[in-house]
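When you get a sec, could you give me coordinates for this:
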Amino acid sequence: MLKVSGVTIRVLIVEDERDLGRLLAFNLEQAGFTTETAVTAADGLLAAGRFQPDVVLLDVMLPDLSGLEVCRKLRADEALRDAGIIMLTALGRDEERIDGLEAGADDYLVKPYNVKEVVLRVRALARRIGETRDAQQTRSDSRRLAFRELRVDPITHDVRVGDQPLALRPLEFKLLVTLMTEPGKVFSRDELLAQVWDIEEGGNPRTVDVHVRRLRQNLGDHADVVETVPGFGYRAHA
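Reported below is the predicted structural model:
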């Protein structure tokens, strides 16, 4: 079994094409993951509550409820909101990708996809989950990153504005730390896809834009720590 931080990674597959669901489960289990499958949104939500997945592979076009709505329900559930979510869909337009990311997905794959790529994306997402778990168990004396009242600890993953903690999802946190670790450096979208998402090629640059927008919303009055450099990418305020 594949373990991250000593914990076996559980993957829930919500896919109404049964053969495809079985194919994904077989390949993920061969890679060391523990899997469970569901073919409807209702069964997927029930399975999520019982199985407590670390990563969810979620089809958008389900027979009873949109995968986007399932994604929103998972994000609204205290026990499930930190699960990694990868949307699987035949809808490949930028608008559909953005809808999925804005619903709370971490990643997005368009059918037909290479099953090996799915396994790689799940492994990358599981690794980020492991980094967060390790950080939560570590007490840090490290140098904190700072911008005005914003304080970010890259080891414990503690983010605060003054005395108030901020809750950021793992990808948002990694994006913020990547930028703040080298303030003033301009990162292209492709560089951020590689460093934050572990996607070296084939990633959609709009993914970065959506997560930057979500990060800024969560940062509130300190959103300007992340600056847009038109035509190039993003940088942290120096």
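
C-alpha from now on. contacts and neighbour counts both.
Will do.

Which parts of the protein are helices?
Taking DSSP state H as the criterion, the chain contains helices spanning 18-30, 41-51, 67-76, 94-102, 115-136, 170-181, 189-196, 206-219.

Contacts only, for the closest residue to Glu17 other than its chain neighbours.
The spatial neighbour of Glu17 that comes closest, neighbours along the chain excluded (C-alpha to C-alpha, 6 or more residues apart in numbering), is Val39 at 7.1 Å. When the contact criterion is C-alpha atoms under 8 Å, 6 or more residues apart in numbering, the partners of Val39 are Val14, Glu15, Asp16, Glu17, Arg18, Leu62.

rerun at 6 Å
Val39 is in contact with Val14, Glu15, Asp16, counting by C-alpha atoms under 6 Å, 6 or more residues apart in numbering.

Can you lay out the residues you listed as JSON lines showing neighbour count, pLDDT and distance to Glu95?
Formatted as JSON lines, the entries for the contacts of Val39 read as follows, by neighbours: other C-alpha atoms under 10 Å; pLDDT from 0 to 100; distance: C-alpha to C-alpha, whole Å:
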{"residue": "Val14", "neighbour count": "30", "pLDDT": "97", "distance to Glu95": "22"}
{"residue": "Glu15", "neighbour count": "27", "pLDDT": "95", "distance to Glu95": "21"}
{"residue": "Asp16", "neighbour count": "20", "pLDDT": "93", "distance to Glu95": "23"}
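
Report the central residue of this protein.
Centroid check for the chain by C-alpha atoms, centre = their mean gives Asp106 as the closest residue, at 2.9 Å.
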